[in-house]
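*Asks:* Predicted coordinates and the sequence they were generated for:
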Amino acid sequence: MTEKIAHLLRHGQPDTNVAIQGWVRTKRELKEFTFLEINDGSALANLQVVLEPSLPDYKDLLKKLNTGASVEISGTLAASPAKGQRIELKATTLQLYGEADPETYPLQKKRHSMEFLREIGHLRARTNTFGAVFRVRNACAAAIHQFFQDRDFLWVHTPIISASDCEGAGEMFTVTGFNLNKIPRNEAQEIDYSQDFFGRQAYLTVSGQLEAEVMATAFSNVYTFGPTFRAENSNTSRHLAEFWMVEPEMAFCDLVGDMDLAEAFLKHIFKTVLERCPEDMEFFNQRIDNSVLATADNIINNQFERVTYTEAIALLEKAKKKFEYPVKWGLDLQSEHERYLAEELFKKPTIVTDYPVEIKAFYMRLSDDEKTVRAMDILAPKIGEIIGGSQREERLDVLEQRIINQGLNPKDYWWYLDLRRFGTVPHAGFGLGFERLVQFMTGMGNIRDVIPFPRAPLTVEF
């Protein structure tokens with residue numbers, strides 16, 4: 001039975017017979033023996049393998065054991081005399097599964113640009129950088145489930161196909177069964193969606209929140225963790241058309257409880273990833289962004305600052321820093337404003353609450369002053385907003401009016417309004433963009449480099 005290289009690097013003992021499977025990263029031929037560096041994706045570090053001329057078919061194998069080749073190797077672990085490694089494997093048998101032609105294999109022993117690696121998305125996971133990214137991503141996902149499961153939250157699978165626009169932004173991908181060369185139209189020459197697959201217009205979801213609220217009114221505490229979609233035509237380092245969202249929803253919860261949970265949530269994820277992926281996080285700190293570990297420490301060991309939107313605007317107006325975008329009560333905070341608050345003013349994560357009603361979604365609870373809503377955003381150094389949430393509007397009459405005020409039709413939300421007719425309850429929740437979290441944690445400069453197969457404008461190759 002083969003063993004993972006990560007386990008052997010941590011726990012392997014000399015004089016133990018083992019077998020490994022993986023891919024050749026490098027080969028170094030000497031007169032008396034040959035060194036291979038083998039990686040199976042389980043760890044950042046490679047396992048050094050020593051091949052001696054007594055190995056069957058030694059000379060023929062050497063011609064084929066190039067970077068990228070896949071192998072299975074059996075042998076005996078030995079204490080390594082080389083600096084920086086505890087053990088190595090002395091091979092007794094080697095099976096070559098697949099060759100990689102050094103003339104055409106694009107990943108050789110040199111540093112490749114991120115732009116080039118995006119062009120070979122089917123191979124980039126084999127590099128040190130992307131191996132580390134996806135191990136951290138995996139650890140983040142596991143930590144998210146652990147956090148909620150330990151608190152008795154129910155994981156609910158909300159639909160990917162939806163008829164509602166939760167955010168009211170209109171930037172949604174349409175789902176249709178129509179033959180696009182023969183789209184039926186009504187007398188007004190408008191598309192007749194009554195003849196479509198669902199009998200009405202349908203979209204890829206932008207959020208599972210509304211459905212999560214349905215489940216929270218039956219199970220109290222729930223969370224979603226799944227793919228969401230935005231048809232925003234933004235070809236930037238911050239935007240994806242397909243990304244994953246984490247959205248907890250809690251019945252019998254107000255804004256303060258929402259903020260408390262969100263802060264504990266972020267602290268738990270960073271702490272868990274540092275424990276599970278120390279080598280990967282150290283790699284990011286050395287090779288990508290030398291503030292990665294300090295940022296994690298800032299998240300874990302600081303109580304988040306909490307200010308109202310009104311207080312934040314006053315602080316920004318007093319700032320000696322010149323901003324590109326105007327600062328005025330009633331305008332949404334831009335990324336530069338958010339980063340100033342978190343990075344320069346408070347120097348730690350900051351929660352801004354009670355935003356103007358005009359700039360927030362219809363489902364957020366209207367405050368007593370009727371000028372603000374019980375919303376909150378968590379702002380993080382270097383990235384700005386990382387979590388957005390609110391106490392939800394549980395009052396039927398207020399919610400109906402808010403829907404109308406935003407130009408939406410209450411009839412489209414009849415089932416959502418029913419939740420306020422039958423056993424309504426104060427409740428709250430938040431949303432976290434998963435890729436934005438991974439990007440923040442690793443220091444990677446482009447959000448397309450923290451998801452295995454990025455979907456963005458004109459990007460759907462792999």
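*Replies:* Structure's in. What do you need? Residues are numbered from 1 along each chain as shown.

*Asks:* Phe430 against Gln391, yeah?
*Replies:* No. With contact defined as C-beta atoms under 8 Å, Phe430 does not count as touching Gln391 (10.3 Å). (C-beta placed from N, C-alpha, C; glycine too.)

*Asks:* Can you check which residues contact both of the two?
*Replies:* Shared contacts of Phe430 and Gln391, defined by C-beta atoms under 8 Å, 6 or more residues apart in numbering, comprise Asp258.

*Asks:* Show the pLDDT at the closest residue to Leu315 other than its chain neighbours.
*Replies:* Spatial nearest neighbour of Leu315, excluding adjacent residues (C-beta to C-beta, 6 or more residues apart in numbering): Leu345 at 6.3 Å. pLDDT for Leu345: 96.

*Asks:* I'd assumed Ala312 was in contact with Leu345.
*Replies:* No. Look at Leu345 against Ala312 with C-beta under 8 Å: they stay out of range, at 9.2 Å.

*Asks:* Tell me which of the two has more neighbours.
*Replies:* Between Leu345 and Ala312, Ala312 has the larger neighbour count (other C-beta atoms under 10 Å), namely 25 against 18.

*Asks:* Quickly list what the residue lying closest to that one once chain neighbours are set aside is bridged to.
*Replies:* Closest residue to Ala312 apart from its sequence neighbours, by C-beta to C-beta, 6+ apart: Val352 at 5.1 Å. Assessed by DSSP bridges, Val352 has beta-bridge partners Val307, Asp377.

*Asks:* Identify the residues contacting Val352.
*Replies:* Taking C-beta under 8 Å, 6+ apart, we find Val352 in contact with Val307, Thr308, Tyr309, Ala312, Leu333, Glu338, Leu341, Met376, Asp377, Leu379.

*Asks:* More neighbours: Phe430 and Gln391, which one.
*Replies:* Gln391 (27 against 23).

*Asks:* which strands and helices sit next to the helix or strand encompassing the more buried one?
*Replies:* Using DSSP states H and E, Gln391 falls within strand 384-391. Here strand 384-391 touches helix 255-276, helix 335-339, strand 372-380, strand 427-433, helix 434-442, going by 3 or more C-beta pairs under 8 Å, 6 or more residues apart in numbering; DSSP states H and E.

*Asks:* Distance from the chain centre to the second one, please.
*Replies:* Helix 335-339 has its C-alpha centroid displaced from the chain centroid by 21 Å (C-alpha atoms, centre = their mean, to the nearest Å).

*Asks:* from the contacts of Val352, which would you call buried?
*Replies:* Val307, Tyr309, Ala312, Leu333, Glu338, Leu341, Met376, Asp377, Leu379 (16 or more other C-beta atoms under 10 Å).

*Asks:* now the nearest residue to Phe33 once chain neighbours are set aside: how far from Leu36?
*Replies:* Of all residues not flanking Phe33 in the chain, Glu52 sits nearest, at 4.9 Å (C-beta to C-beta, 6+ apart). With the distance defined as C-beta to C-beta, to the nearest Å, Glu52 ends up 12 Å from Leu36.
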